[in-house]
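Trainee: Give me coordinates for this.
(chains A, B, C and D)
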There are 2 protein chains.
Amino acid sequence: MKKDLRIIKTKESLRHALISLLKTKSIETISIAELCRLAQINRGTFYLHYKDVHEVFKEYLDVIVEDLRKSYEEPYYKTNYKIKDITADMIKIFHHVKKYQDFYQIIFDERIPMMYYYLLFDTVRTFMRDSIEEGLLAAQHELKVDYLISYQTNAILGILIEWHRQEYKTSITELNKQLFMIISIHDPFRMQ
Amino acid sequence: MKKDLRIIKTKESLRHALISLLKTKSIETISIAELCRLAQINRGTFYLHYKDVHEVFKEYLDVIVEDLRKSYEEPYYKTNYKIKDITADMIKIFHHVKKYQDFYQIIFDERIPMMYYYLLFDTVRTFMRDSIEEGLLAAQHELKVDYLISYQTNAILGILIEWHRQEYKTSITELNKQLFMIISIHDPFRMQ
DNA sequence: ACTTTTAATGAACACATGTTCAATAAGTTT
DNA sequence: AAACTTATTGAACATGTGTTCATTAAAAGT
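Mentor: A predicted model of the protein is given here:
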């Protein structure tokens, strides 16, 4: 039950064409017709697999999200301090975003649909859930964890938005220092 | 140097037509041609004022952002506790979002461009800047405030995202209670 | 009221969108 | 290798997009 080679070929052609076009123009200005011409794919074939140009990009993005997930899994220099654990986890995200800066510049662009942001949000959110649940959950039984986790997750994404707005000029070391200071002020896990 | 009445009439017709169409279909599926037909405006005239359907919506949204700004200004029952001040400020935002729920449902939709999110982000961010700067700024001179403020702002928007995902079923009272608990855990301004 | 300014119109244009359908060719099974 | 399955193709169609331009008409200035 393997995938038909023709489908793979078609999708690859479209992905290559998109990457090529993205070097010179923004994703919003790329038409389906233009993409298909470059990929040498019939426009009708396009609609057999995708609804719009964004879906081609999104499929490519899945690879990047996978890298984010992987980079998060791999161990870092962990200490005994909870806060340091968190910043150590987040520094991995910063490294990842820097690595794929070209793509995150697109994801955070104001013309781009929220869907990419939510993709990132959901990915980071699963990390955040794993980080939090252990110590905190049991203590406050009136707390709806979903709100806490979304609060925490989006706070981190707020740093990424600010980073993006400052055109990624802040170094990762500096960014991590800032995050450490912010979390130190807030001291999220001092209860433990 | 007043605005030409014809322009006002054209823009009003388009706004009314958009509001009418939004009742039955999503903004993404509304074409310029369809909007102009309903508004009885020549399509060419549309392009004299707007680039796409979103710009019509965005102009309407400015009214809502203005309401957000106003509702934030008006005094609430303030106490001496900093945390309570913050949650009192934020409850105003919750009320505002609930009031314009129909619009925030569009703003947080995954197919909608980030631009609306940023509009909200920037508005809340100015509130946040005003709330924070007083006590905190001077103490930590190595802290880049921009990152702190974006972190704080987006954390709040994280709650709104979660609220949206839970289809605004959580009551404002409950939401405020959650926020109070979250901030109590983090205790952002215990230094003061 | 008359003149000036400028917004709105309709027609036309090349190109993009989204869909259909029979014909073809490429891949998979046997 | 032959028989099958199905992805791709090209053509066609109605509609949408973004722009232009001369004409019309409405508002503003005098």
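Trainee: Do the helix ranked longest in chain A and chain B come into contact?
Mentor: Secondary structure assigned by DSSP state H gives helix A:114-136 as the longest helix of chain A. Yes: for helix A:114-136 and chain B, the contact criterion (C-beta under 8 Å from any C-beta of the partner chain) is met by A:114, A:115, A:117, A:118, A:121, A:136. Backbone N, C-alpha and C define where each C-beta goes, glycine included.
Trainee: Could you measure from residue A:72 over to chain B?
Mentor: 19 Å (C-beta to the nearest C-beta, to the nearest Å).
Trainee: That residue belongs to a helix?
Mentor: Yes: secondary structure of residue A:72 (DSSP: H, G, I helix; E, B strand; the rest coil): part of a helix.
Trainee: quick one: contacts for it?
Mentor: The contact partners of residue A:72, by C-beta atoms under 8 Å, 6 or more residues apart in numbering or on different chains, come to A:89, A:92, A:93, A:96, A:127.
Trainee: rewinding a little: averaged pLDDT, the longest helix of chain A. What do you get?
Mentor: The predicted model assigns helix A:114-136 a mean pLDDT of 86.
Trainee: C-alpha coordinates for it, CSV please?
Mentor: Only the C-alpha atoms of helix A:114-136 are listed here, as CSV (Å, rounded to 0.1, in the frame of the first residue of the first chain):
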residue,chain,number,x,y,z
MET,A,114,-3.3,32.6,11.5
MET,A,115,-3.1,28.9,10.7
TYR,A,116,0.7,28.9,10.7
TYR,A,117,0.8,30.6,14.1
TYR,A,118,-1.6,28.1,15.5
LEU,A,119,0.5,25.3,14.1
LEU,A,120,3.5,26.7,16.1
PHE,A,121,1.3,27.4,19.1
ASP,A,122,0.0,23.8,19.2
THR,A,123,3.5,22.4,18.9
VAL,A,124,5.0,24.5,21.6
ARG,A,125,1.9,23.9,23.7
THR,A,126,2.5,20.2,23.9
PHE,A,127,6.0,20.9,25.2
MET,A,128,4.6,23.3,27.7
ARG,A,129,2.0,20.8,28.9
ASP,A,130,4.7,18.2,29.5
SER,A,131,6.9,20.8,31.4
ILE,A,132,4.1,22.0,33.6
GLU,A,133,1.9,19.2,34.6
GLU,A,134,4.2,17.4,37.0
GLY,A,135,4.6,19.8,39.9
LEU,A,136,1.8,22.3,39.5
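Trainee: which secondary structure elements does it contact?
Mentor: helix A:53-73, helix A:82-99, helix A:101-107, helix A:145-165 (3 or more C-beta pairs under 8 Å, 6 or more residues apart in numbering or on different chains; DSSP states H and E).
Trainee: ok, residues contacting the third one?
Mentor: Read that as helix A:101-107. Here helix A:101-107 makes contact (C-beta under 8 Å, 6+ apart) with A:22, A:26-27, A:57, A:61, A:64, A:97, A:112, A:116-117, A:120, A:160, A:164, A:168.
Trainee: Return the member of those residues nearest to DNA strand C.
Mentor: When these are compared for distance to DNA strand C (C-beta to the nearest atom of the strand), residue A:27 comes out closest, at 11.6 Å.
Trainee: Hmm, residue A:53 and the closest one touching each other?
Mentor: Yes: if you go by C-beta atoms under 8 Å, residue A:27 and residue A:53 touch, sitting 6.4 Å apart.
Trainee: Count the residues that sit near residue A:186.
Mentor: The tally of other residues near residue A:186 (other C-beta atoms under 10 Å in any protein chain shown) stands at 23.
Trainee: measure it to residue A:180 for me?
Mentor: Residue A:186 sits 11 Å away from residue A:180, going by C-beta to C-beta, to the nearest Å.
Trainee: Check whether stretch A:156-163 comes into contact with chain B.
Mentor: Yes: residues of stretch A:156-163 contacting chain B under C-beta under 8 Å from any C-beta: A:156, A:157, A:158, A:159, A:161, A:162.
Trainee: Run a quick neighbour tally on the residue lying closest to residue A:129 once chain neighbours are set aside.
Mentor: Once flanking residues are discounted, residue A:129 sits nearest to residue A:149: 5.4 Å by C-beta to C-beta, 6 or more residues apart in numbering or on different chains. Using other C-beta under 10 Å, residue A:149 has 22 other residues around it.
Trainee: hang on, the earlier thing: common neighbours of residue A:27 and residue A:53, please.
Mentor: In contact with both residue A:27 and residue A:53: residue A:18, using C-beta under 8 Å, 6+ apart.
Trainee: out of those two, which sits in the busier spot?
Mentor: Neighbour totals were compared for residue A:27 and residue A:53, and residue A:53 leads with 20 against 16 (other C-beta under 10 Å).
Trainee: Hmm, the more buried one is touching residue A:29, no?
Mentor: No: using C-beta under 8 Å, residue A:53 makes no contact with residue A:29, being 9.7 Å away.
Trainee: list the helices and strands the worst-scoring helix or strand of chain A on mean pLDDT packs on?
Mentor: Least confident helix or strand, chain A: helix A:82-99 with a mean of 84, by mean pLDDT, DSSP states H and E. If you count contacts as 3+ C-beta pairs under 8 Å, 6+ apart, helix A:82-99 packs onto helix A:53-73, helix A:114-136, helix A:145-165, helix A:172-186.
Trainee: Would you tell me which one of those helices is buried the most?
Mentor: Highest mean neighbour count among those (mean count of other C-beta atoms under 10 Å in any protein chain shown): helix A:145-165, with a mean of 22.
Trainee: Quick one: list the elements packing against that helix.
Mentor: Short answer (3+ C-beta pairs under 8 Å, 6+ apart): helix A:145-165 packs on helix A:82-99, helix A:101-107, helix A:114-136, helix A:172-186, helix B:145-165, helix B:172-186.
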